[in-house]
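Student: Need the 3D shape of this:
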Amino acid sequence: MATALILSSHVAASSVGGTVQVLALAAFRIDTILAPTVLFGRHPGWGAPGGALVPVEAFEGMLDGVEANGLFGQIDLVITGYFASAAQVRAAARTIDAIRPTPRTGDEPQKKPLIIVDPVMGDAGKGLYVDVETAAAIADELIARADIVAPNCWELERLSHTQIKDPAGAVSAALVLGKPVLVSSVPRGPEIGVVYADRRQAWLAAHVLAPSAPSGSGDLLTALFAASLLDGQPISYALARAVGGVWETISYANSRRYPELPVSEMGSRLKGVSTAVRMERLA
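Tutor: Now for the predicted structure:
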């Protein structure tokens, strides 16, 4: 059984951040270790979230405990997400550096852990929703350490200093960044999509734009894509399955008028390729 380390938010009453990723990965029988960067009661989109930021000393202490229990050698996947401070980002970078050379103790001792960085900084129409120092630390400390970077379109524009108007623009921005990229919220006429691009291939998974969507869909996308890669699936299928799982979850939430993503209710629908998702090879 695979094990994932998630460095992101814990939000008690909202399906966002590390909270939704724990639920999603459990559907794939992936064990999770969540080291929270914040402890909130609800998503800030609902209003004052309650709770508090996790002091960096506590964040580092949690990671020290995980390492002391010999678990760094069992980590198959690291996902980074929301950080409350630049100091937390630097602690995450040190953790990645410690995990990578640790001798493997799992079923596949030669397999290297997969590092996925979701550079949570901001969004279109909102701008930055972390402070400038934290955003700079994410760009400086985590992007270089990533195997895959998973931004939204606005974040990729900021990181690559490239304007994105369509899927071709997303591919160009990914090449500027110099890392394999999974970028969400890419416009395509009346559709919206997710683009995966690296130096060898590029794919678009697109669907009609939903009238509304609960928060957390980007976090869910990252987790579902990572789960498919750990399962040994090719990039194109992993993308189709991840976007399909997100689409089905959003559609189900809208049909039931749920305010949050109903991940625990989705079951096998998280793992299927939705007929609503159109795949296109870009390169």
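Student: Secondary structure element holding the residue nearest to Asp123 when sequence neighbours are not counted?
Tutor: What sits nearest to Asp123 in space, not counting adjacent residues and going by C-beta to C-beta, 6 or more residues apart in numbering, is Trp154, at 5.3 Å. C-betas here are computed from N, CA, C, even on glycine. Here Trp154 sits within helix 153-160, counting by DSSP states H and E.
Student: And the helix or strand just after that helix, what does it pack against?
Tutor: Using DSSP H and E, the helix or strand that follows helix 153-160 in sequence is helix 167-177. On a contact count with 3 or more C-beta pairs under 8 Å, 6 or more residues apart in numbering; DSSP states H and E, helix 167-177 meets helix 153-160, strand 181-188, strand 191-197, strand 202-208.
Student: What lies in contact with helix 167-177?
Tutor: Contact partners of helix 167-177, identified using C-beta atoms under 8 Å, 6 or more residues apart in numbering, comprise 143, 149, 153, 156-157, 159-164, 180-181, 183, 186, 188, 193, 195, 197-199, 202, 204, 206, 280, 282-283.
Student: ok, now which ones touch the residue positioned nearest the centre of the chain?
Tutor: With distances taken as C-alpha atoms, centre = their mean, Thr222 lies nearest the centre of the chain, 3.4 Å away. Contacts for Thr222 (C-beta under 8 Å, 6+ apart) come out as 21, 79, 81, 116, 118, 150, 182.
Student: May I have the strands that pair with the helix or strand bottoming out on mean pLDDT in the chain, each with its orientation?
Tutor: Taking mean pLDDT, DSSP states H and E as the measure, the helix or strand of the chain with the lowest value is strand 127-128, at a mean of 92. Looking at strand 127-128 with DSSP bridges, its partner strands are strand 122-123 (antiparallel).
Student: Show me what the partner strand is in contact with.
Tutor: The contact list for strand 122-123 (C-beta under 8 Å, 6+ apart) reads 128-130, 135, 152, 154-155, 158, 185.
Student: The longest helix seen in the chain packs against which elements?
Tutor: In the chain, assigned by DSSP state H, the helix with the most residues is helix 235-256. Here helix 235-256 touches strand 191-197, strand 202-208, helix 217-230, helix 263-266, strand 278-281, going by 3+ C-beta pairs under 8 Å, 6+ apart.
Student: And for Ala68, the neighbour number?
Tutor: Using other C-beta atoms under 10 Å, Ala68 is surrounded by 9 other residues.
Student: Low-confidence stretches in the stretch 151-283 of the chain?
Tutor: Within the stretch 151-283 of the chain, not a single segment meets pLDDT under 70.
Student: Contacts for stretch 276-283 next, please.
Tutor: 167-168, 171, 191, 195, 197, 201-208, 236, 239-240, 243-244, 247-248, 251.
Student: follow-up on the earlier one: can you tell me how far the residue nearest to the centre of the chain sits from Val120?
Tutor: In this view, Thr222 and Val120 are 10 Å apart by C-beta to C-beta, to the nearest Å.
Student: Determine the residues that are contacts of both of those two.
Tutor: What both Thr222 and Val120 touch, as defined by C-beta under 8 Å, 6+ apart, is the set Gly81.
Student: one step back: dump the helices and strands packed on helix 167-177 to JSON lines, plus mean neighbour count.
Tutor: Converted to JSON lines, the helices and strands packed on helix 167-177 look like this (neighbours: other C-beta atoms under 10 Å):
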{"stretch": "helix 153-160", "mean neighbour count": "22"}
{"stretch": "strand 181-188", "mean neighbour count": "24"}
{"stretch": "strand 191-197", "mean neighbour count": "24"}
{"stretch": "strand 202-208", "mean neighbour count": "22"}
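Student: Compare those and give me the one nearest Phe72.
Tutor: Closest to Phe72 of those, according to C-beta to C-beta: strand 181-188, at 24.8 Å.
Student: what about Gly272, how many neighbours?
Tutor: 14.
Student: cool, the one 10 residues further on as well?
Tutor: For Leu282, the neighbour count with other C-beta under 10 Å is 14.
Student: for the residue nearest to it when sequence neighbours are not counted, what are its contacts?
Tutor: Distances taken as C-beta to C-beta, 6+ apart put Ala202 closest to Leu282, at 3.9 Å, once the chain neighbours are dropped. Neighbouring residues of Ala202 by C-beta under 8 Å, 6+ apart: 171, 174, 195-196, 281-283.
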